[in-house]
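**Q** give me a 3D structure for the following:
(one chain, ligands or ions: 1)
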Amino acid sequence: MTHSPETPVVDALADAVGGPVPTTERPFPTERPAGCPFDPPAAFAEARAEHPISRLRYPDGHLGWVVTGLEAARGVLGDIRFSSQPPGKRSPVIGPEDAPDPSVLPKGMFVNTDPPEHTRYRRLLSKHFTVRRVQEMRPRVQELTDGLLDAMERDGGPVDLVEAFAKPLPTLVTSDLLALPEAERPQFREHVDVLFSLSSTGDEMARALTGVNAMLNELIAAARANRGPDLLGRLVAETELTDEELFGVSLMLLIAGLETTTNMLALGTYALLRHPDQLAALRADWSLIDGAVEELLRYLSVVQVGPIRVAAEDFTFEGQPIRKGEVVTVSLPAANRDPLGFADADTLDIRRAATRHVAFGSGPHQCMGHHLGRLELAVGYESLLRRFPGLELAVPVEEIGNREMMVTYGVHALPVKW
Ligand code: HEM
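**A** All right, here's what the predicted structure looks like:
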């Protein structure tokens with residue numbers, strides 16, 4: 001057995017006992033510690049202290065695994081024996097009853113595929129998300145950001161930062177990416193708001209999804225007709241992707257890029273407001289912004305449920321016997337707080353070099369939009385904080401509600417004044 005340097009004690013123990021290290025069987029914890037809404041549920045640290053990969057009881061009774069150690073997380077996400085395909089996949093938390101059956105997802109949602117199918121999609125798509133391509137978007141992202149901040153300033157405050165800034169910025173950037181005509185953007189935003197709102201009814205969701213589907217299909221038809229310089233136009237001109245695949249790709253960009261960036265923008269601002277020393281350090285030296293983005297990504301790890309994988313065969317991993325069909329959930333918040341990966345892992349320190357975090361995942365499925373996400377966060381935080389030097393919460397912290405039971409962690413609303 002190979003030892004990762006980060007897990008010598010447990011692996012040595014497995015060697016000594018000549019077999020797997022038994023771990024406590026747990027349900028997936030979701031409750032955050034009282035007082036610190038930024039820390040992952042305490043049960044993850046207990047699990048990690050036993051072993052970086054331990055037993056997890058899924059809501060339907062399935063006995064699978066949860067990964068809480070940083071190197072083990074990288075190991076699972078980089079190993080294609082842990083499949084991303086839907087058959088057998090299950091969530092470690094109970095989701096909405098009418099969640100779509102993953103086996104009927106449209107083709108092109110390549111986050112749910114394995115090589116070689118996955119490799120093909122990545123090859124076709126990733127050249128549109130390189131650092132260079134994303135840097136070309138910087139002036140436009142700045143313009144969109146400034147427009148939202150102008151509106152906040154005109155309003156005078158207090159405003160809910162989620163509604164006024166954190167939701168619209170990624171929605172506008174995505175609208176640009178998909179070349180959505182200006183006239184259709186308000187309608188698109190309404191649909192997206194309904195889709196991602198907790199208070200939407202099933203009927204409202206269904207109507208919004210139908211609306212988004214129709215808009216995407218229109219965009220694909222326009223791209224076929226015009227073959228313009230935008231993403232869909234280029235994909236039509238350069239690839240043989242079918243309309244269904246283009247639809248799946250576009251839908252995935254929406255699902256993957258909106259909630260994540262929105263919650264990072266709002267929760268990151270909240271975290272800075274709750275850590276005045278860190279905020280002051282950033283305000284004193286804006287060259288710290290990229291490091292601050294990296295550290296906030298690590299510290300907050302908003303993707304709190306999953307990535308989820310299914311073992312495609314029997315094998316031993318980190319000394320544990322993995323059986324074909326067993327489901328493995330990687331806890332990114334837990335891995336990013338692994339003390340073997342980061343000194344003082346539970347401390348927010350914007351000066352640390354948090355480069356090895358897994359907030360964007362790792363391995364073949366590592367976030368394809370990570371440069372774009374980073375750009376939106378860097379431009380978003382810096383512009384917001386520069387525009388409003390006196391930015392502060394407009395309500396007591398006890399009134400800020402956290403998104404505990406949701407796939408993406410964050411705050412429901414963030415009332416601020418300046
Ligand atoms: C700060 C914001 C973001 C975070 C925290 C984030 C996080 C993640 C994570 C953890 C994964 C891995 C999923 C897995 O392994 O199964 C992922 C995949 C992905 N993300 Fe992001 N993401 C962000 C922003 C974006 C943006 C802005 C886009 C595009 C516009 C995007 C597009 C994608 C795509 C296409 C995938 C699938 C990649 C694949 O399966 O090969 N993400 N993201």
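**Q** contacts for the helix or strand that contains residue 71 next, please.
**A** Assigned by DSSP states H and E, residue 71 falls within helix 70-77. Contacting residues not belonging to helix 70-77 are listed as 4, 6-7, 52-53, 67, 82, 307, 309, 317-318, 328, 330-332, 335-336, 338, 340-342, 356, 358, 361-363, 365-366 [Cβ atoms under 8 Å, 6 or more residues apart in numbering]. The C-beta positions use only the backbone N, C-alpha and C, and glycine is treated the same way.
**Q** let's see that with 6 Å instead.
**A** Residues outside helix 70-77 that contact it (Cβ atoms under 6 Å, 6 or more residues apart in numbering): 4, 6, 52-53, 67, 82, 318, 328, 330, 335, 338, 341, 358, 361-363.
**Q** what about residue 229, which helix or strand?
**A** Counting by DSSP H and E, residue 229 is found in no helix or strand.
**Q** which residues does it contact?
**A** Residue 229 neighbours (Cβ under 6 Å, 6+ apart): none.
**Q** residue 254 versus that one, what's the distance?
**A** In this view, residue 229 and residue 254 are 21 Å apart by Cβ to Cβ, to the nearest Å.
**Q** same question for residue 115.
**A** 24 Å.
**Q** more neighbours: which of those two?
**A** Using other Cβ atoms under 10 Å as the criterion, residue 115 and residue 254 rank with residue 254 on top: 21 against 11.
**Q** how about that one: what's its closest non-neighbour residue?
**A** Among residues not flanking residue 254 along the chain, residue 174 sits closest, at 6.3 Å (Cβ to Cβ, 6 or more residues apart in numbering).
**Q** quick one: what helix or strand has that neighbour in it?
**A** Assigned by DSSP H and E, residue 174 falls in helix 168-177.
**Q** how about residue 340?
**A** Using DSSP H and E, no helix or strand contains residue 340.
**Q** and for the residue of the stretch 301-418 of the chain found nearest the ligand, the neighbour number?
**A** Of all residues in the stretch 301-418 of the chain, residue 369 sits closest to the ligand, at 2.0 Å by Cβ to the nearest ligand atom. Each residue near residue 369 was counted by other Cβ under 10 Å, and the total is 22.
**Q** isn't it up against residue 254?
**A** No - using Cβ atoms under 6 Å as the test, residue 369 is too far from residue 254 to be in contact (11.0 Å).
**Q** would you mind naming what in the stretch 1-150 of the chain lies close to the ligand?
**A** 77, 84, 110, 111, 122 (Cβ under 6 Å from any ligand atom).
**Q** so residue 328, which state does it fall into?
**A** strand (DSSP: H, G, I helix; E, B strand; the rest coil).
**Q** residues in contact with it?
**A** So residue 328 contacts 65, 76, 82, 309 (Cβ under 6 Å, 6+ apart).
**Q** kindly recompute the last result at 8 Å.
**A** 53, 64, 65, 66, 67, 76, 82, 308, 309, 310, 311, 322.
**Q** follow-up on the earlier one: which two of the residues of the stretch 1-150 of the chain next to the ligand have the greatest separation?
**A** 77 and 110 (15.3 Å; Cβ to Cβ).
**Q** just the strands in this structure please.
**A** 26-27, 53-57, 63-67, 82-83, 159-160, 308-311, 315-317, 320-322, 327-330, 392-393, 415-417 (DSSP state E).
**Q** which other helices and strands contact the last one?
**A** Counting contacts by 3 or more Cβ pairs under 8 Å, 6 or more residues apart in numbering; DSSP states H and E, strand 415-417 is packed against strand 159-160, strand 392-393.
**Q** hey, which of those strands is tucked in deepest?
**A** Mean neighbours per residue, mean count of other Cβ atoms under 10 Å, is largest over the helices and strands packed on strand 415-417 for strand 159-160, with a mean of 18.
**Q** what's the first helix or strand after it?
**A** Next element after strand 159-160 (DSSP H and E): helix 161.
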